[in-house]
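**Student:** sharing a sequence plus its predicted fold:
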Amino acid sequence: MATFAPPASGYDSILVIGGGIAGITAALEAAELGSDVFLVEKMPYLGGRVAQLARYFPKLCPPTCGIEINLRRLRDNPRVHLLTNAEVASIEGAPGAFDVAVTVEPRYVNDRCTACGACVDVCPVERPNAFNYGMDTTKAIYIGHEMAYPMKYAIDEQTCLGEECGRCVAACPYDAIDLAMKPQSVSLQVGAVVVATGWKPYDASAIVNLAFGHYPNIVTNVMLERMAADTGPTGGKIARPSDGRPVNRVAFIQCAGSRDRLHLSYCSGICCLGSLKQATYILDRNPEAEVYIYYIDLRTPGTYEPFADRVMARPHVHAVKGKVADILWDDESGDLSVVADDMVQGHMSRIPVDLVVLATGMEPSLSDHRPAMPAVLDHDGFVLDTGEDRGVYAAGCAREPMDVATATMDATAAAMMAVRSIRKSTVR
Amino acid sequence: MGQEVAVMELVPDLGFVNQLVERAGDSFKRCYQCGTCSAVCPFATEDLELPRKQMLMAQWGMKSQMMDDPILWVCTTCGNCARLCPREVDIPGTITAVREAVLVESGISPELAKAFENTVVRGNPLGSPARRRADWAKQAGVEVPILSTLDRPTDVLFYVECYWSFHERGQQAAQAMARTLNRLGVDWAILGTEERCIADSQRAAGESGLFEEEAAKNMATLGKYTFNRLVTPDPHAFNALKNQYPKLGATYPVQHYTQFLAERLSDLPLKRIPERLVTFHDPCYLGRHNGEYEAPRRLLEAIPGVRLTEMAHCRAEGFCCGGGGGGVWNSGFVAEQVDERLAVRRVREAVASHAEVLAVCCPFEVSLFEDAVKLTGNEGTLVVRDIIELLDESLAGGEERP
């Protein structure tokens, strides 16, 4: 890839950190208002967590169209300067004049790549596919996902055998692979920053009593999204991971590590809706399936209440008020038994199921990785609004947990704040 | 529709709520009724929602309802509920506070009342004569120094506690401990007949007044002597000395005996004993309440011939033996309230682990588990041994003492 040379825009431009739905939206809104934008994404591709969903609210369509619309806007807009494989190392300065250091990790594939895939055929290394939460593998040279932008291969440095192997280099008809590529430091001058670093699923293995990682038929909500996606590791089939048998009985465990002082103390606000949506994935594939949703409080904020009512009205959906505390496993059958105190019925509930889905919450990406920047993070790692204009604006789940539709509105607002901040500085 | 609904008049007793807050803090007010506690309570059965309902009743000041519910006295304060509580409620502490608040008015089972009375009158819950407290030492085969006769400071004051002093199986363990301390060349002594019960389980059963009276006597006795540390075989005494006595103004360096010995493993000339598969039961008050899971295991793993295996529930997830929180004295009453004794359930787990020996290090456990072994028909399959007995056997060169 050609060395990134930032356009000489002075301090009039805007830095957007994170190329998920919020970051893409903020970058486009600001660019369409006439600002130059640097969009910095740590993965080799844009799309973030939304690209990993099978379907999303409010219309339950696959993310393909939403992302495609944004990518078209992006392709058409020369004001957005994209840096992938890139992370912000530091931001110094004041509103109107920030100096930003960005580290761009080598992609090992340059702009000549046409995504023909000749490299994949010869690559000898299989690696766990993080995009599918480790449920399948890719080669060490891989493409993020079917809507990846830029649509170019990238090499996983951790697993690639390097120049000693070099089979991909020989196989590439376009001379697009350069295993000697080095990290690059880029300095940017910007007037305002939008932090759209997003979220990650809470680590389910930390919830020891829910046995994630011990039994294969316990998955997380984000894994089920990949299972339900046509492009996912199972081609959209939802089956028991242990033996591939059909799923007839499913337990969704709400607040898996949420509203829990031992894990995430807050409510992510989207997991109940997520499970109700995923109940439809199960029932659309197998109308005879039984779905149990264990909850403390079923929370469907805002205008989503009718959706909850519709799903709950389906005869095969059962809500059990009680937090699951234990999951028992039968070695022979692979069946799981879910233990909770059913407080509406007033007795202990032990229900046998084929599949357990842990509705884990959203942890801010910055929770354990806090870059040096003039923003204040709260205890959990969300960007705090201190009431003071620091020229740094959070958008989407970097600010608080939210759904996709809210994140795009939030990003638009953040873009407006950033643009206003720059124009204020210019006028001054 | 056609269904009869029971209507209950509820008059919140705010004085009661304040009393609980004063004794146990206000963490119970955070409870949001998720039921995690009930689902992991070792007593959990089809219709026993302990302690979720107790937390709700505590919040609502339902003193009279709590008093009338015998389930209040079943909890062993084992702490498995609090381990997972998403609101970090001090559930065992709250249950203890409720017991304290209603103890006088509600009345308790005769067996529990007897244990309290024995503690007051004889200084031990078993009702044994106080003057016999050091009688076990006569059969130890080694000299057991009494601190009052030494006329000098000692390094280790070994606080024997009641079950090792008076219970036949406990006495055997105490004798093994005496031999082990002598073999290590430790400068140690016991209080002898001056020792009284630490009474931590009486406290957890609701008798904080008794606990505090005993503590005052014990602190006065301990104040007469100079020693570097207390070592005790009883995790409940260990818990009280470590966590409760400082609140009453007395802080002593204290170790459970497994911690003390684990630090001196290299000085113990352990010899091979006949090979056997051993599983270890974590005492609630050593493990969950005080975070010590390693010392007992280090001792067991060091004995040549011992192969250690774990039960399905171990360490922080370990099941209770049923002895804590007064349960050891209340077994007849508790048996009427629940389907299965906890010791029975634990012994079934030990048998399922294929272990030949169930190793313990809490004085309540030996008798509770040995009874459960008989009740479940596992005599000949599983034996119960205190870790000190296995160590003593190994130190003696592999000869198991009769």
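**Tutor:** Good, I have the coordinates.
**Student:** pull up the gap between A:Q184 and A:M43, please.
**Tutor:** Separation of A:Q184 from A:M43 (Cβ to Cβ, to the nearest Å) stands at 17 Å. For the C-beta atoms, the positions are set from N, CA and C on the backbone; glycine is no exception.
**Student:** neighbour count winner among the two?
**Tutor:** It is A:M43, of A:Q184 and A:M43, that has more neighbours when counted by other Cβ atoms under 10 Å in any protein chain shown, with 20 against 16.
**Student:** the more buried one contacts A:L83, doesn't it?
**Tutor:** No: taking Cβ atoms under 8 Å as the definition, A:M43 is not a contact partner of A:L83, at 11.4 Å.
**Student:** torsion angles phi and psi at the closest residue to chain B within the stretch 251-400 of chain A?
**Tutor:** As assessed by Cβ to the nearest Cβ, chain B sits closest to A:D341 within the stretch 251-400 of chain A, at 2.9 Å. The phi/psi pair for A:D341 (degrees, to the nearest 10) reads phi -90, psi 100.
**Student:** which residues touch A:M147?
**Tutor:** A:M147 sits next to A:G47, A:A51, A:P63, A:T64, A:I67, A:E68, A:L71 when contact means Cβ atoms under 8 Å, 6 or more residues apart in numbering or on different chains.
**Student:** kindly format the C-alpha coordinates of the helix or strand where the fifth one lies as PDB.
**Tutor:** Just to be clear, that refers to A:I67. Per DSSP states H and E: A:I67 is located in helix A:63-75. C-alpha atoms of helix A:63-75 as PDB (Å, rounded to 0.1, in the frame of the first residue of the first chain):
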ATOM      1  CA  PRO A  63     -26.900  -5.200   7.700                       C
ATOM      2  CA  THR A  64     -25.900  -5.600   4.000                       C
ATOM      3  CA  CYS A  65     -28.100  -2.800   2.700                       C
ATOM      4  CA  GLY A  66     -27.400  -0.300   5.400                       C
ATOM      5  CA  ILE A  67     -23.700  -0.700   5.200                       C
ATOM      6  CA  GLU A  68     -23.800  -0.700   1.400                       C
ATOM      7  CA  ILE A  69     -25.600   2.600   1.300                       C
ATOM      8  CA  ASN A  70     -22.900   4.100   3.600                       C
ATOM      9  CA  LEU A  71     -20.100   2.600   1.600                       C
ATOM     10  CA  ARG A  72     -21.500   4.100  -1.600                       C
ATOM     11  CA  ARG A  73     -21.600   7.600   0.100                       C
ATOM     12  CA  LEU A  74     -18.000   6.900   1.200                       C
ATOM     13  CA  ARG A  75     -16.700   5.900  -2.200                       C
END
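**Student:** show me what whichever helix or strand comes after that helix is packed against.
**Tutor:** Going down the chain from helix A:63-75, the next helix or strand is strand A:80-83, by DSSP H and E. Judged by 3 or more Cβ pairs under 8 Å, 6 or more residues apart in numbering or on different chains; DSSP states H and E, strand A:80-83 is in contact with helix A:21-32, strand A:37-40.
**Student:** for chain A, which helix is longest?
**Tutor:** Ranked by residue count, the top helix of chain A under DSSP state H comes out as helix A:404-427.
**Student:** could I get the buried residue list for that helix?
**Tutor:** For helix A:404-427, the buried set under the neighbour-count rule, 16 or more other Cβ atoms under 10 Å in any protein chain shown, comprises A:404-408, A:410-412, A:414-415, A:417-419, A:421-423, A:425.
**Student:** how about residues contacting that helix?
**Tutor:** Here helix A:404-427 makes contact (Cβ under 8 Å, 6+ apart) with A:11-12, A:14, A:21-27, A:29-30, A:33, A:35, A:50, A:53, A:56-58, A:66, A:95-97, A:191-194, A:196, A:389, A:391, A:393-397, A:399, A:402.
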